[in-house]
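Visitor: Here is my input, please return the structure:
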Amino acid sequence: MPRMQKIKTLIKRALAPVTIMLIPHHNTRKSFHMNIPAIGVFIAAAIGCGCAVYLGMATIDLLKYRAMEKQIQDYAKKASDFNTTLASLKKAEKDLYRLLSLGSREKILENVDVSDMGTMDMGTVDIQQVKQQIAISMKTVGAIKEYLHQQKNLYMATPRGLPVPGTVSSPFGSRVNPISGRVELHRGIDVSVPGGTPVLATADGIVSFSGWSGGGGNVVVIEHGHGFSTFYAHNESNTVEVGQQVKRGGVIAYAGSTGNSTGSHVHYEVWRTGRVLNPRDFIERSS
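Guide: Numbers count the residues shown, from 1 in each chain. Down below sits the predicted model:
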């Protein structure tokens with residue numbers, strides 16, 4: 001009985017009304033009150049606390065999810081950067097092997113295109129061990145690219161071959177001038193060809209002179225870079241102007257016998273840094 005009495009007392013207390021009253025600050029409005037069982041207040045408070053806890057945990061989970069999502073995106077970008085770096089390295093290595101398979105220095109320098117050998121960027125990859133291994137290869141490939149770039153520029157600026165497909169009738173060096181009859185230095189070579197034969201540039205460059213030059217008749221001078229320049233004289237007519245860019249094998253004039261000349265030919269000279277050189281050396285080098 002005492003136990004039943006306690007249960008009845010607890011139920012009675014739980015069902016006892018609790019008055020909730022709302023009193024406005026302004027006297028013009030009536031107060032409001034409501035009677036709710038005590039157990040109802042307890043249940044409402046429990047539900048409120050439960051909702052607060054749930055919302056708090058949901059907010060924490062959302063923040064964790066967003067942090068994980070950003071971390072996954074960062075890993076994906078690093079993986080993409082890493083794959084790009086490896087692809088560039090493989091392409092550069094493949095290009096270098098392709099060049100080396102060409103054999104001769106001339107073929108390598110004619111075919112090399114360092115702008116197409118890949119640009120390697122480490123990006124945001126921070127895997128230290130991999131970075132160190134790739135950095136060594138990048139440094140080597142970069143040095144080779146720079147060397148090939150410089151060598152190709154020098155190669156393209158170096159005169160090669162004859163400006164016309166003819167016979168060398170007068171070599172470089174001391175000779176008796178056929179016009180004056182005096183012994184003097186012949187600073188180039190004379191190549192005999194029929195009048196009107198196209199005269200070709202022997203290297204890439206820029207025309208620095210095109211016009212009449214006394215005993216040389218119609219003359220073209222081309223600056224090739226790296227100190228090289230070439231001189232073409234006795235032309236029937238010139239086809240280029242000062243400042244014009246020309247490529248090796250491009251037509252710059254037509255052979256003739258203008259100026260002090262005894263027949264149709266091209267007088268051809270090679271200079272470097274103010275010193276005249278024997279064109280024969282550059283003819284043999286191209287063969």
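Visitor: Spell out, range by range, the strands that occur in the protein.
Guide: 17-22, 32-37, 167-170, 173-176, 183-186, 189-192, 198-200, 205-212, 218-225, 228-238, 245-246, 251-255, 265-272, 275-277 (DSSP state E).
Visitor: for Gln245, what are its contacts?
Guide: When contacts are counted by C-beta atoms under 8 Å, 6 or more residues apart in numbering, Gln245 touches Asp204, Gly205, Ile206, Val207. In short, each C-beta sits where N, CA and C put it, glycine included.
Visitor: likewise Ala233?
Guide: Here Ala233 is in contact with Gly188, Ser213, Gly216, Gly217, Asn218, Val219, Gly259, Val266, His267, Tyr268, Glu269 (C-beta under 8 Å, 6+ apart).
Visitor: Now render those residues as a markdown table, adding neighbour count, pLDDT and distance to Pro163.
Guide: As requested, the contacts of Ala233 are arranged in a markdown table below (neighbours: other C-beta atoms under 10 Å; pLDDT from 0 to 100; distance: C-beta to C-beta, whole Å):
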| residue | neighbour count | pLDDT | distance to Pro163 |
| --- | --- | --- | --- |
| Gly188 | 23 | 95 | 10 |
| Ser213 | 17 | 95 | 16 |
| Gly216 | 20 | 95 | 14 |
| Gly217 | 18 | 96 | 15 |
| Asn218 | 21 | 98 | 14 |
| Val219 | 22 | 98 | 13 |
| Gly259 | 18 | 94 | 16 |
| Val266 | 25 | 98 | 6 |
| His267 | 24 | 97 | 10 |
| Tyr268 | 25 | 98 | 5 |
| Glu269 | 21 | 97 | 10 |
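Visitor: need the strands of the chain in JSON lines with distance to Ile283, can you?
Guide: Rendered in JSON lines, the data for these read as follows (distance: least, C-beta to C-beta, whole Å):
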{"stretch": "strand 17-22", "distance to Ile283": "112"}
{"stretch": "strand 32-37", "distance to Ile283": "114"}
{"stretch": "strand 167-170", "distance to Ile283": "8"}
{"stretch": "strand 173-176", "distance to Ile283": "15"}
{"stretch": "strand 183-186", "distance to Ile283": "15"}
{"stretch": "strand 189-192", "distance to Ile283": "8"}
{"stretch": "strand 198-200", "distance to Ile283": "13"}
{"stretch": "strand 205-212", "distance to Ile283": "18"}
{"stretch": "strand 218-225", "distance to Ile283": "16"}
{"stretch": "strand 228-238", "distance to Ile283": "12"}
{"stretch": "strand 245-246", "distance to Ile283": "19"}
{"stretch": "strand 251-255", "distance to Ile283": "17"}
{"stretch": "strand 265-272", "distance to Ile283": "9"}
{"stretch": "strand 275-277", "distance to Ile283": "12"}
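Visitor: And those strands: which comes nearest Asn83?
Guide: Across these, Asn83 has its closest neighbour in strand 218-225 (39.3 Å, C-beta to C-beta).
Visitor: So which elements touch that closest one?
Guide: Counting contacts by 3 or more C-beta pairs under 8 Å, 6 or more residues apart in numbering; DSSP states H and E, strand 218-225 is packed against helix 128-157, strand 205-212, strand 228-238, strand 251-255.
Visitor: what would the ones you listed look like in a markdown table with distance to Phe172 and mean pLDDT?
Guide: Listed next are these as a markdown table, based on distance: least, C-beta to C-beta, whole Å; pLDDT from 0 to 100:
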| stretch | distance to Phe172 | mean pLDDT |
| --- | --- | --- |
| helix 128-157 | 20 | 76 |
| strand 205-212 | 21 | 98 |
| strand 228-238 | 12 | 98 |
| strand 251-255 | 19 | 98 |
